[in-house]
Each structure stands twice: as structure tokens, then as C-alpha cells.
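Colleague: Make a model of this:
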Amino acid sequence: MKPDLHRFPLLVAWEMTRACLLACQHCRASAVPDPLPGELTTEEGLRLLEELATYTPKPILLPTGGDPLARPDLFLLLEEAKRLGLKVGITPAVTPRLTREVVARFKELGVHQMAISLDGATPEAHDGFRGVPGTFALALQALDWAREVGLMTQVNTTVTRSTAKELPGIAEILAEKGVATWEVFFLVPVGRGALLEQLSPEEYEEVMHLLYDLSRRYPFKVRTTEGPMFRRVVLERRKKEGGEDGALVGEGRGVHLSDGFGFVFVSSTGEVYPSGFLPLSAGNVRERPLLEIYRNSPLFLDLRNKALLKGKCGVCEYRELCGGSRARAWAETGDPLAADPRCAYIPKAWGQMPLA
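Modeller: Next comes the predicted model:
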């Protein structure tokens, strides 16, 4: 039975801190070296975990940042998540804080999967993007440590004009390192990412088809963040190849998540967003339960109602499957319900619309 994503989120990302030693060009959080005032306390974090454990089904917890390792209470919180039976996928920053001992501790504490960022296939490309020399080598080392201790891994890659050409080389590295999942993030111009050059809609479409080709060539799953058009491309390619209708290669979760629909983001100060890339607050967990905000806030209700989508997204035959990136629509137009400005697809009904 599929979960009712109108009632319960499937993935809960918690930005545990904005502190991070890296200076990544695309950083959504515009992370800084030291923790900022007002971050959720240990007690508040424990209360959040206790609430998540009451959901049906229990959601997957995604501790992120900044760098979760910058929080001194990280392992205490992971111990509690394990005790409560929460499935955890953690995204540590690749800094000297990430050691073999830390990776082994993740495994001991029942972490399901560790995600490592890799945005280039060479030290020059990756380290230049991340802003710190040596991060490429350490990222590969961390993947090796995880394999040694039996911890499943994911690699996160951000697609920009400078990183798109790196994708085939990154895919080779993932296959060599035994990575289970490749999560490809399509740039949303927020935080420091607002300074980077995006691909055109036509170039985005080319990248989607490239990812499909790579998903057929390699054993790992391929998923996208803020790139729901990939689901349409997969469906179209599968049909063209004579595959099963609707069999989404690499999508894996069996449900189609989107900003505010099955996914919710809790900021370091407790603000509740539909996505870390869509920083419109619907409330704060210090004032109301997360589930109440998720279920009842007007912002989340609107985002889950695909009938409210505007422009070509509103009439697209793939509206329920894809729906466009709501975060990108907001970042580029100021309206989270507007058409995704980076989608090249022209819906069948769009060409039949009367001119205003």
C-alpha cells in the first residue's frame, strides 16, 4: 500500500546546522564556518524525533546542513533515532571531520545510507566547485570507508553549466565505488547558487536523456532533485523501447515526491519549508507540531493541489507525474505555482490554448 502523502511526509530533511567548513559555489544555505544563534537545541531536536516516530509510516530522516558533523550532539541524536526505529540517511560535508571512525560510527548507529557530494570527475573540477582543495580525494576515500564497513552510499551531484560535462565521468566513479544511488540536483538559484549560470531548458532536456542513458548502463539508481521532468523522460524512453508503461528507472521510491508533497524541510531554526530550495516558511516546529504544519498550512495545501499549477504546467498531461520544480518556479518568477521555467516540454494541450 502506498503511503498517503497528503497526511504524512515520507522524507523529512532536518538542516541540523548551517555551520560548514566548505565554501561551495552552489550552497543553498550559504553556510558559514560556525553555528548561527537560534539553532534547534538538543532537547528540541529530540522532541522532533519523537514526533516523527509517531507517523504512519515512520518517515525517513535526512540530517543535513551545513554539516551535521558540526553539531556536537549529532551522535546522541542518531542514537535516539535508532532507538525510535527511524530510518536515517545522512549527508555529512566532506571535511576533516569526516573520518573512517565517523563512518564506522554511522554504521553502528544504524544509519541506512550516507550521501557524499561529488560535482566533478577530477580533483580540479570538484575542488574548484567546492572551494577547498583535497575534497575530491577525501570524498572518494569516504566512499571506500563506507564500503569497508558495509554502509550503503549515495552520491549527490549538482548540475550547472560548469558541472554538466562532468556527469559521464562521475557515473564511472560511482560504478567503480559501488554506490547504490545517484541523486542529481538541478540547480535552483537560491543562496550562493544564485550566482551560478544555469542550463537552458533545451540543455536540461539533454541532461535528462543523458541521465537515462547512464541509468541503463550502470547498476546504481538514478534520481533527481528539483528535476521532476526526468520522470517524463524515463516514461517516454521506456515506452519507445517497448518497456512497461510507467516503470520509472531508478526512481525507486514507488511514489512521486515533490516540494511539500511527501517531502518537508525543517531549517536549523525550526522553520518548516516545502523544500530547502523553496525557503517559504509555513510555520515553526517550536510553535506547532510539524505534522500540523505539513497537513494544514495553506502553502503546503496549495503545492499538493496540482490543479492550481499555472501556465503550461497546469495543462500538462504529465502534471501528476512531474508537476515541474516548484522551488525553481518561485526562485525565477516569484510564484511557486508558476510553470517551471527550465522545462522544454510543450504539453499537447498547450498548443491548443486560445490566445489571450
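Colleague: May I have the secondary structure class of Gly324?
Modeller: Under DSSP: H, G, I helix; E, B strand; the rest coil, Gly324 falls in the coil class.
Colleague: low pLDDT regions in the stretch 251-356 of the chain?
Modeller: Applying pLDDT under 70 to the stretch 251-356 of the chain picks out residues 251-254, 352-356.
Colleague: could you pull out the helices for it?
Modeller: For the stretch 251-356 of the chain, the helices defined by DSSP state H, counting those that start in this stretch occupy 290-296, 298-304, 311-315, 326-333.
Colleague: Also the chain?
Modeller: Taking DSSP state H as the criterion, the chain contains helices spanning 42-52, 74-83, 100-108, 123-130, 135-149, 167-177, 201-217, 229-240, 290-296, 298-304, 311-315, 326-333.
Colleague: Could you tell me how far Val179 is located from Ala13?
Modeller: To Ala13, Val179 is 20 Å away according to C-beta to C-beta, to the nearest Å. Just so you know, the C-beta spots here come from the backbone N, C-alpha and C atoms, and that holds for glycine as well.
Colleague: Neighbour count for those two, which is higher?
Modeller: Neighbours around Val179 and Ala13, counted as other C-beta atoms under 10 Å, are more numerous at Val179. The numbers are 25 against 22.
Colleague: And for Pro63, the neighbour number?
Modeller: 24.
Colleague: That should have said Leu77, apologies.
Modeller: Residues near Leu77, counting by other C-beta under 10 Å: 22.
Colleague: quick one: contacts for the closest residue to it other than its chain neighbours?
Modeller: Closest residue to Leu77 apart from its sequence neighbours, by C-beta to C-beta, 6 or more residues apart in numbering: Gly45 at 5.4 Å. The contact partners of Gly45, taken as C-beta atoms under 8 Å, 6 or more residues apart in numbering, are 14, 16, 73, 77.
Colleague: Which of the residues you listed are buried? Put it as a ChimeraX command.
Modeller: Remark: buried members of those, expressed as a ChimeraX selection using 16 or more other C-beta atoms under 10 Å:
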select :14,16,77
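Colleague: Max pairwise distance over the contacts of Gly45: which two?
Modeller: Trp14 and Asp73 (12.6 Å; C-beta to C-beta).
Colleague: With only the CA atoms kept, save stretch 66-76 in CSV.
Modeller: Taking Å, rounded to 0.1, in the frame of the first residue of the first chain, the C-alpha atoms of stretch 66-76 are listed here in CSV:
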residue,chain,number,x,y,z
GLY,A,66,25.7,22.9,6.6
ASP,A,67,27.5,19.9,8.0
PRO,A,68,25.7,17.7,10.6
LEU,A,69,29.1,16.8,12.0
ALA,A,70,29.4,20.4,13.2
ARG,A,71,26.8,19.6,15.8
PRO,A,72,28.4,18.2,19.0
ASP,A,73,25.2,16.3,19.8
LEU,A,74,24.9,14.5,16.4
PHE,A,75,25.6,11.0,17.7
LEU,A,76,23.3,11.4,20.6
